[in-house]
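Student: compute the structure for the input listed below.
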Amino acid sequence: MGVLRDHPELALFLCLAVGYLVGKIRVGPITLGGICGTLIVSLLLGAWAKIEIDADVKTIFFALFIFALGYMAGPQFFANLNRKSMRFFALCFIELVSVLCLAYLLAKAFDLDVGTASGILAGAATESAVVGTATEAIGKLPDLTAEQISTYQGHVATAYTVCYLFGLVTIVIYTSQIMPMMLRINLRDASRELWEKMRGGGAGGGLESDEREALPGLVGRTHLVTLADGRTVGNLEAAFGGGVTVEAVRRGSKDLTPAPDLVLTLSDLVLVVGRRSEAIAAGRAIGPETPGIPGVDTPLATRQVAVTDRAVAGKSLEQIRSTHAEFGRSGVYVTDVLRGEQHLPANPETVVERGDVVTLVGARSGLNRIVEKIGTVAKNDATDFIYLGLGIALGSLIGQIVVRLGGVPLSLGTGGGCLISGLLFGWFRSRRQTFGAFPPQAATTIKDMGLAVFIACTGLTSGPQAWPLLKEYGALLPFAGIAMVLVPATISLFVGRKLLKIEKPLLIGAIAGQQCSTPAITSVTQVAQSSVPMLGYTITYALSNFLLPLTGPILVGVLGA
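Tutor: Okay, the predicted model is just below:
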């Protein structure tokens, strides 16, 4: 124990290691997750060893976490501020108002201190970031002594831990098991039907992250000309609406340039590239398919292109293809759309927004022309620490701004300020992806590491206050954790279906997103055996990720007034 007190860094990383190990324990569809596991372990170790951690360590790592969180959510957050997504915004508004009102009512009804009420809010909403913003806000309350601040901040962590456990179990079971029954659907069948509708009647029910289509959408085939004698390359391509392109032609021992006015003759060998269905149909118009012929091949290049052109944003892939003739002439195809961390189906109805990264496949020359029209090649291989440092510094400055509301001083604090700057910097980066790189894997690592260290520090310093709080409010905390999940989720289910007419699989995913619950959407997609609910989840998750952390300072400001 003396070693841990003398070397708090040892205790800190021990909490991370053991906490994430505890978080991997699975009971049915439920896992605690590394963050909750870390908090449990750190609370127990802190209560036993009474380890002191410098408060600046918490502040620095929380700033890293919250900035990375905002940076990753920024492009999607601002993209969703439109009329079409307002119905999903309504669900997030229901979540915010519900949890704030319930936490306030519980605080007044049971005479809870500001720390316990904030911990209930953070845990029941299963939003770890609220722990940080509320803890920071408590530290700025003017009428509290240092001892009171320390005690209340400890109550935040303890109440969060208990409420999180019950809130997590509730949201997972409610969304994945009970909601489909309430909506009277088989989630798997409903997701597949919606997927087929989105694909225009095509087959498929969505792929998991480790799956690939057995029959790829983009194919190349070589054919011997027996039926297309006398037709030009341009006429052949036009007959299939630009769905295929002729990439190579061999006549005898000579390779010909497949210009639009080139006339095909009997026994020519032709390489066509395009969507599978069109390529098969083209073969029936050209002649029998042949094995691959050495030399009759054109290597296809791949580009990941960030969409920056305003004329492209808000249009479907079909509209983009029809308005940019280069797609048809150059034989370039979209095979994937990446929005934030989520892969969207690259079907004709998929709408592309600025900041999306589309994967283009085709001949190198054609790719270069397309890139100039719609955006820029995404360069995200190394972190731009100039951009990162400026963003966090600006966020810290924003957090120091104090606004008085009815005589009550309110400020965002370092957490709220860095969240806003992260959103703005992430959004601006998505518009101009030539600078400010913060690779997704690096951002995810910083985000997870920052939150994990902050939570471990909070647990270690709050451990001594945990047991007295549990004895005082033991029965209330589980009840609060369950009620503060069920109330907003049930209201959202009714409003989303009856008033907003959101498709049922998307609605279930959106409710998991408004709760910022990754375990819930994981369980939902497992039950659905489809990624379709994820389409609703990504919108509300991005919005709630920004809005829920702001509820901590609001509740603290109201109760501390």
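Student: buried stuff in stretch 373-392?
Tutor: Within stretch 373-392, the residues scored as buried using 16 or more other Cβ atoms under 10 Å are 373, 374, 375, 377, 378, 380, 384, 387, 388, 391, 392. The C-beta positions use only the backbone N, C-alpha and C, and glycine is treated the same way.
Student: and residue 439, how many neighbours does it have?
Tutor: 14 (other Cβ atoms under 10 Å).
Student: go on, residue 54?
Tutor: Number of residues near residue 54 (other Cβ under 10 Å) recorded here: 11.
Student: can you check residue 473 too?
Tutor: When neighbours are counted by other Cβ under 10 Å, residue 473 comes out with 23.
Student: chain neighbours aside, what residue packs nearest to it?
Tutor: Nearest residue to residue 473 in three dimensions, chain neighbours excluded: residue 116, at 6.4 Å (Cβ to Cβ, 6 or more residues apart in numbering).
Student: do the same with residue 46
Tutor: Distances taken as Cβ to Cβ, 6+ apart put residue 463 closest to residue 46, at 2.4 Å, once the chain neighbours are dropped.
Student: coming back round to it: so which helix or strand takes in the residue nearest to residue 473?
Tutor: Secondary structure from DSSP states H and E places residue 116 in helix 114-124.
Student: now for that helix, which elements pack on it?
Tutor: With contacts taken as 3 or more Cβ pairs under 8 Å, 6 or more residues apart in numbering; DSSP states H and E, helix 114-124 sits against helix 86-109, helix 129-139, helix 146-173, helix 476-494, helix 533-560.
Student: tell me which residues of the host helix or strand of residue 279 are tucked away?
Tutor: When elements are assigned from DSSP H and E, residue 279 belongs to helix 276-286. For helix 276-286, a neighbour-count test (16+ other Cβ under 10 Å) marks 278, 279, 281, 282, 283, 286 as buried.
Student: want to throw those residues into TSV with pLDDT?
Tutor: Output for the buried residues of helix 276-286, formatted as TSV (pLDDT from 0 to 100):
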residue	pLDDT
278	78
279	81
281	84
282	85
283	85
286	89
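Student: now the element after the lowest-mean-pLDDT helix or strand in the chain, going C-ward?
Tutor: Within the chain, no helix or strand scores below strand 408-411, which has a mean of 55 by mean pLDDT, DSSP states H and E. For strand 408-411, the following helix or strand on the C-terminal side (DSSP H and E) is helix 413-431.
Student: now that next one and helix 129-139, what's the angle there?
Tutor: 140 degrees (axes from the mean of the first three to the mean of the last three Cα atoms, to 10 degrees).
Student: helices or strands up against helix 413-431?
Tutor: helix 55-79, helix 129-139, helix 385-399, helix 533-560.
Student: please identify the deepest-packed of these.
Tutor: Of the helices and strands packed on helix 413-431, the one with the most neighbours on average (mean count of other Cβ atoms under 10 Å) is helix 129-139, at a mean of 27.
Student: and the average pLDDT for that one is what?
Tutor: Helix 129-139 carries an average pLDDT of 78.
Student: got a list of contacts for it?
Tutor: 58-59, 62, 65-66, 69, 114-115, 118-119, 121-122, 144, 149, 152-153, 156-157, 160, 411, 413-416, 419, 451, 454-455, 458, 545, 548-553, 555-557, 560 (Cβ atoms under 8 Å, 6 or more residues apart in numbering).
Student: next one: it to chain centre, how far?
Tutor: Taking Cα atoms, centre = their mean, to the nearest Å, the mean C-alpha location of helix 129-139 is offset from the chain mean by 23 Å.
Student: give me the angle between that helix and helix 146-173.
Tutor: Going by the same axes, to 10 degrees, helix 129-139 makes 160 degrees with helix 146-173.
Student: thank you, goodbye.
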